[in-house]
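**Q** can't give you the sequence, but here's the structure:
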């Protein structure tokens, strides 16, 4: 069995499912990478209504993670997680390709 190019943690899947239920939307989380942020690139998360033809889709506990091919080149091998701490709660990308990142975890450099 081939390993998925990116993964979604059970904690992240649970959080997406809860948000999707509350907003009465499909349980699909889109991760994209855009230029900007304090380290060069930044992660963007949002619920998706549909899957695009070229999206890479990974499922975990009934939740689908969608990533476009251009973004996947920058996050391949990553895990999308949901963390809660004293500083707040957020989706985080554990990206093995990131050479540097910012303190808030929302931007990175390769």
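**A** Sure thing, it's come through. Source: prediction; values computed, not measured.

**Q** So for stretch 18-25, what gets flagged as buried?
**A** residue 20 (16 or more other CB atoms under 10 Å). For every residue, glycine as well, the C-beta is placed using N, CA and C.

**Q** what about this structure, any weak spots by pLDDT?
**A** 1-2, 37-39, 99-110 (pLDDT under 70).

**Q** can you map out the helices along it?
**A** Assigned by DSSP state H, the helices in the chain fall at 10-23, 69-75.

**Q** Mind putting those helices into JSON lines with distance to residue 45?
**A** Converted to JSON lines, the helices of the chain look like this (distance: least, CB to CB, whole Å):
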{"stretch": "helix 10-23", "distance to residue 45": "9"}
{"stretch": "helix 69-75", "distance to residue 45": "11"}
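
**Q** Residue 49: which of those helices is closest?
**A** Of all these, helix 10-23 sits nearest to residue 49, with 10.6 Å by CB to CB.

**Q** so how far is that closest one from its chain's centroid?
**A** Chain-centre distance of helix 10-23: 13 Å, with CA atoms, centre = their mean, to the nearest Å.

**Q** Run through who's touching that helix.
**A** When contacts are defined by CB atoms under 8 Å, 6 or more residues apart in numbering, helix 10-23 is touched by residues 8, 26-29, 47, 60-63, 80-83, 91.

**Q** Tell me how far the spatially closest residue to residue 46 that is not a sequence neighbour lies from residue 86.
**A** Distances taken as CB to CB, 6 or more residues apart in numbering put residue 30 closest to residue 46, at 5.3 Å, once the chain neighbours are dropped. Separation of residue 30 from residue 86 (CB to CB, to the nearest Å) stands at 28 Å.

**Q** So between these two, which is more surrounded?
**A** Using other CB atoms under 10 Å as the criterion, residue 30 and residue 86 rank with residue 30 on top: 20 against 4.
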